[in-house]
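Undergrad: give me a model of this one.
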Amino acid sequence: MERQQVFDFVKRSYGTEPDYPWADWNAVLRHRESRKWYGVILEVGRQKLGLPGSGEVDVLNVKCDPRLVGALRTQEGFHEAYHMNKEKWISIRLDGSVPESEIRSLLAMSYDLTGARKK
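TA: Purely as a prediction, here's the structure:
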């Protein structure tokens, strides 16, 4: 799944559009009701992720059930959350290493976790 595919999916599924708060290519996905971030797409240097080669790769940070974070980080395409809480967020490489269905499922979890709290 690539960046534009993520944007298309979240627009169809949650009615959200990317927000560019830093006037660069990095984008935030905000929950429609709570306005909290449920996703962040960042360009990250391959070396910062421990990957071989030079250049950058897109990653999607999503909020995740802390019980899943450790297990996900052992799988190809997942990394410790880049610039986010490492216990509750995970970085997913958007380079085809993670199946689209898994990314969609994790986006759904993140959207739910960041929604308005019921009283």
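Undergrad: so what does residue 13 have for phi and psi?
TA: For residue 13, the backbone dihedrals (degrees, to the nearest 10) come out as phi -80, psi -40.
Undergrad: list the residues that contact it.
TA: The neighbours of residue 13, taking Cβ atoms under 8 Å, 6 or more residues apart in numbering as the test, are 104, 107, 108, 111. Using the backbone N, CA and C atoms, a C-beta is placed for each residue, glycine as well.
Undergrad: same deal with residue 31?
TA: Residues near residue 31 by Cβ under 8 Å, 6+ apart: 14, 16, 37, 38, 111, 114, 115, 116.
Undergrad: okay if I get the residues you listed as JSON lines plus distance to residue 69?
TA: JSON lines is the format used below for those (distance: Cβ to Cβ, whole Å):
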{"residue": "14", "distance to residue 69": "22"}
{"residue": "16", "distance to residue 69": "23"}
{"residue": "37", "distance to residue 69": "17"}
{"residue": "38", "distance to residue 69": "16"}
{"residue": "111", "distance to residue 69": "17"}
{"residue": "114", "distance to residue 69": "16"}
{"residue": "115", "distance to residue 69": "19"}
{"residue": "116", "distance to residue 69": "23"}
